[in-house]
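Participant: just need the structure, nothing else, for what follows:
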Amino acid sequence: MRRSFLLCFIAAILCIPVGLVSAQDGEGAAIGASIDQAATENGLSTGDGKVSPVERDLGNGISTQIQTHEAALEQVTASKDPRAAAISGAVKWYEDYANSLKEKGQTDKLDKLDAGDSADAVDAGDTDLADNVAQIDEFTQQQEATGKFDPRAAAISGAVAQYGVTAAPATKKQVVDTVRKGANKYIESSKLKHKKLTKRRINILLNRILAEKEEDSLLPTNGYWRAEPFSMKLTGKCKALTGDNGGMGAYENEKDPGQPLCGFRNPGGLPYITWNSGMHIYEPGTVNIYSAGSRTRYEVSQDSDGQSTGSVVVTTTTRYQVISKSEIRVLLTIEEKGGCSMSAEYKIKLVTADESICAPSQQLPTPTAMPTETSGTQPTPPPGGPIPSEGPYHSGSPIFTDQTQCDDSNTPPQITDLHIRQQTENTILLDYGSGTQVLYRAGDNFYTYESGSRGPTRTSISLSVLDDGSVSIFWSVTVKAGFKQCSMSQTFNLPGSQPEATSTPGADSTPSGEATPAAGSAGDASQPADLEEGHYTVKWTVMDALCPADMKSTMPTFTEATVTRADATTVSVNFAGGSYTLLDYSGQHLYMLADGRQGDLRYVASLMSNGPGAAFFSWVGSPASDTSKTCTVMADFTKQ
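Facilitator: Numbers count the residues shown, from 1 in each chain. Model prediction:
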């Protein structure tokens with residue numbers, strides 16, 4: 001149970017899905033009104049002369065589809081790029097053809113075109129019609145793969161389903177036909193430049209929703225897959241990202257035996273695939289596109305010397321379009337708010353089919369809805385957590401990791417009283433009496449500062465806001481000559497709050513002289529057992545599905561570790577080649593390093609008791625330049 005809680009807790013840190021953003025509300029309401037009128041004409045109970053919230057949602061979704069489709073058509077017809085000439089010509093031909101049908105009174109053919117029927121269904125002998133319709137429909141599918149349409153396609157699918165609930169006992173066909181009638185009437189009465197093609201787009205989408213069944217989404221073959229070589233395209237100037245991710249070269253690809261990829265039909269919910277330690281859910285109304293929504297995080301920008309300069313919101317979106325049972329198109333975008341963006345389009349292909357790696361016991365919880373991102377808009381930033389109170393804070397005693405390494409050249413400042421002042425949304429100022437320091441938001445309830453390589457010393461500061469409003473500061477100063485490091489942690493409490501008690505030898509008794517039971521003992525059943533200090537052997541559990549081969553080089557591999565306690569909320573894990581300092585954010589003896597960094601790698605580490613003389617360790621890492629890749633490993637600590 002504790003392991004399940006821990007993995008969910010880590011997932012919440014690393015993956016923050018982004019919600020839908022409303023489209024133009026005025027046009028959405030107008031389309032909603034047209035749908036309500038169609039409902040009245042079709043005899044549905046929802047036709048009451050008022051625009052309900054569900055009708056408005058439908059209108060908003062259709063509005064965004066209309067605007068993005070019109071914009072795409074306008075862009076391609078206005079482009080001077082020779083590659084756009086064929087599509088531009090097909091668009092003009094189609095519109096001239098539709099107008100000629102109207103002039104000739106051939107409304108049956110015109111209705112079939114508007115309804116999204118194939119060229120053969122309109123006129124089986126017209127090769128020009130077939131060629132031009134094929135080009136236009138292929139162009140629309142290419143636009144879908146870029147993500148310009150499909151977030152709202154999913155929203156429309158969900159809104160149609162909800163509308164069906166409110167319109168009961170109407171059938172699905174009656175509901176979709178009503179939505180179709182209302183949308184088409186709005187388009188015909190509008191001033192859109194490409195009415196016929198836009199109407200065809202909306203009707204094709206509604207045809208999919210009407211015909212959509214659980215088995216209609218194409219699933220890939222279960223087995224080992226690998227990515228084809230690709231490169232990232234960089235646009236703009238990066239603030240926090242390295243901007244030098246070149247994708248994957250051919251040499252790496254030739255050595256890659258493939259990673260596990262599984263597809264699950266998921267009766268009662270949406271189909272999904274698992275790949276790169278993630279679950280990617282089918283987007284209703286799309287052509288076999290799966291995604292996990294957008295992920296947002298904070299990154300602290302640095303100058304050329306490594307000094308912290310600001311906090312930047314970074315959004316990563318990865319979408320998978322299943323082209324065939326053995327080939328998937330991947331569209332990856334990484335965007336800084338107000339900075340650079342990196343993008344890539346590449347393919348992953350089946351290497352070896354293997355049903356055994358996708359046993360039912362390995363299925364993830366079955367999703368019934370998908371997190372959705374909206375292209376062309378700035379996603380909502382991650383919550384970031386509460387801004388700490390201004391204070392003043394009163395300090396607990398500082399705890400040094402190894403005070404023998406500390407002298408006048410590298411000892412952090414002595415702090416007795418602390419004020420914290422918010423400067424910007426993602427910036428705070430520490431006023432500790434003898435000086436001040438700006439810290440930048442690096443995550444949920446977490447702020448950092450790095451001084452960089454200037455001068456003879458390097459300073460690293462991190463501040464965590466705890467659940468009770470207190471703050472914990474870790475301050476480290478390293479003398480670069482000889483790498484002499486002095487590290488200190490200190491907890492600060494607001495006036496009137498009760499600092500967490502620390503135990504001292506011989507002090508484990510109540511005022512009445514009765515023994516106080518140790519945490520986790522039979523006398524303290526409500527509190528989980530706390531960690532024991534000491535030397536541990538370490539046994540790792542590494543699963544290919546959670547840590548792909550190309551990420552295994554990033555994971556820790558130490559086989560022995562020493563756990564020491566700095567104070568009541570801080571422990572250190574020391575091992576050959578490094579150490580982790582972990583804090584108990586929850587007060588439940590779950591110790592975490594929430595924002596570990598090693599070059600481009602970002603990682604979360606955690607440790608908790610697993611009974612007397614035992615502990616459970618978890619580590620999740622991901623490159624900042626490509627957060628679609630992750631490695632999750634676990635280890636059992638056994639005390640020697």
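Participant: strands of the stretch 251-400 of the chain, start to end?
Facilitator: Taking DSSP state E, counting those that start in this stretch, the strands of the stretch 251-400 of the chain run over residues 259-264, 272-275, 278-282, 289-302, 308-324, 327-336, 341-353, 393-395, 399-400.
Participant: export these to JSON lines and tack on mean pLDDT?
Facilitator: JSON lines is the format used below for the strands of the stretch 251-400 of the chain (pLDDT from 0 to 100):
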{"stretch": "strand 259-264", "mean pLDDT": "88"}
{"stretch": "strand 272-275", "mean pLDDT": "87"}
{"stretch": "strand 278-282", "mean pLDDT": "83"}
{"stretch": "strand 289-302", "mean pLDDT": "84"}
{"stretch": "strand 308-324", "mean pLDDT": "88"}
{"stretch": "strand 327-336", "mean pLDDT": "90"}
{"stretch": "strand 341-353", "mean pLDDT": "90"}
{"stretch": "strand 393-395", "mean pLDDT": "83"}
{"stretch": "strand 399-400", "mean pLDDT": "82"}
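Participant: let me have these in CSV, extended by mean neighbour count.
Facilitator: Yep, even glycine has a C-beta here, placed from its N, CA and C like the rest. CSV is the format used below for the strands of the stretch 251-400 of the chain (neighbours: other CB atoms under 10 Å):
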stretch, mean neighbour count
strand 259-264, 23
strand 272-275, 23
strand 278-282, 23
strand 289-302, 23
strand 308-324, 21
strand 327-336, 20
strand 341-353, 17
strand 393-395, 20
strand 399-400, 18
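Participant: quick one: what helix or strand has residue 131 in it?
Facilitator: When secondary structure is defined using DSSP states H and E, the element that contains residue 131 is helix 127-145.
Participant: elements contacting that helix?
Facilitator: Counting by 3 or more CB pairs under 8 Å, 6 or more residues apart in numbering; DSSP states H and E, the packing neighbours recorded for helix 127-145 are helix 53-78, helix 82-104, helix 119-122, helix 195-211, strand 308-324.
Participant: for the residue nearest to the spatial centre of the chain, which non-adjacent residue is closest in space?
Facilitator: With distances taken as CA atoms, centre = their mean, residue 295 lies nearest the centre of the chain, 1.9 Å away. The shortest distance from residue 295 to any non-neighbouring residue, by CB to CB, 6 or more residues apart in numbering, is to residue 316 (4.9 Å).
Participant: and if you look at residue 617?
Facilitator: According to CB to CB, 6+ apart, the nearest residue to residue 617 is residue 635 (4.3 Å).
Participant: export the helices and strands packed on helix 127-145 to CSV and tack on distance to residue 424?
Facilitator: Putting the helices and strands packed on helix 127-145 into CSV (distance: least, CB to CB, whole Å) gives the following:
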stretch, distance to residue 424
helix 53-78, 32
helix 82-104, 43
helix 119-122, 57
helix 195-211, 42
strand 308-324, 8
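Participant: worst mean pLDDT among those?
Facilitator: For those, mean pLDDT drops lowest on helix 119-122, to a mean of 74.
Participant: beta partners of the nearest residue to residue 290 once chain neighbours are set aside?
Facilitator: In space, and not counting its chain neighbours, residue 290 is closest to residue 280: 4.1 Å by CB to CB, 6+ apart. Under the criterion DSSP bridges, residue 280 forms beta bridges with residue 273.
Participant: do I have it right that residue 280 meets residue 271?
Facilitator: No. Applying CB atoms under 8 Å as the test, residue 280 and residue 271 come out as separate, 10.0 Å apart.
Participant: between those two, which contacts overlap?
Facilitator: A shared contact of residue 280 and residue 271, defined by CB atoms under 8 Å, 6 or more residues apart in numbering, is any residue touching both; here these are residue 290.
Participant: show the contacting residues for the closest residue to residue 113 other than its chain neighbours.
Facilitator: Leaving out its chain neighbours, the residue that sits closest to residue 113 by CB to CB, 6+ apart is residue 122, at 5.7 Å. By CB under 8 Å, 6+ apart, the contact list for residue 122 reads 109, 112, 113, 129, 133.
Participant: let's go with 7 Å and repeat that
Facilitator: The contact partners of residue 122, taken as CB atoms under 7 Å, 6 or more residues apart in numbering, are 109, 112, 113, 129.
Participant: by neighbour count, which of those wins?
Facilitator: Across the contacts of residue 122, neighbour numbers were computed from other CB atoms under 10 Å; residue 113 holds the maximum, 24 neighbours.
Participant: make sure that one is indeed in a helix.
Facilitator: Yes. In this structure, residue 113 lies within a helix as judged by DSSP: H, G, I helix; E, B strand; the rest coil.
Participant: look up how far residue 131 lies from it.
Facilitator: Computed as CB to CB, to the nearest Å, the residue 113 to residue 131 distance reads 15 Å.
Participant: would you check how far apart residue 85 and residue 91 are?
Facilitator: If you measure residue 85 against residue 91 using CB to CB, the figure is 11 Å.
Participant: more neighbours: which of these two?
Facilitator: It is residue 91, of residue 85 and residue 91, that has more neighbours when counted by other CB under 10 Å, with 22 against 13.
Participant: tell me who's in contact with that one.
Facilitator: Contacts of residue 91 were listed using CB under 7 Å, 6+ apart, and they are 73, 77, 136, 197.
Participant: so the second one is in contact with residue 89, correct?
Facilitator: No. The pair residue 77 / residue 89 is not scored as a contact, 9.2 Å apart, by CB atoms under 7 Å.
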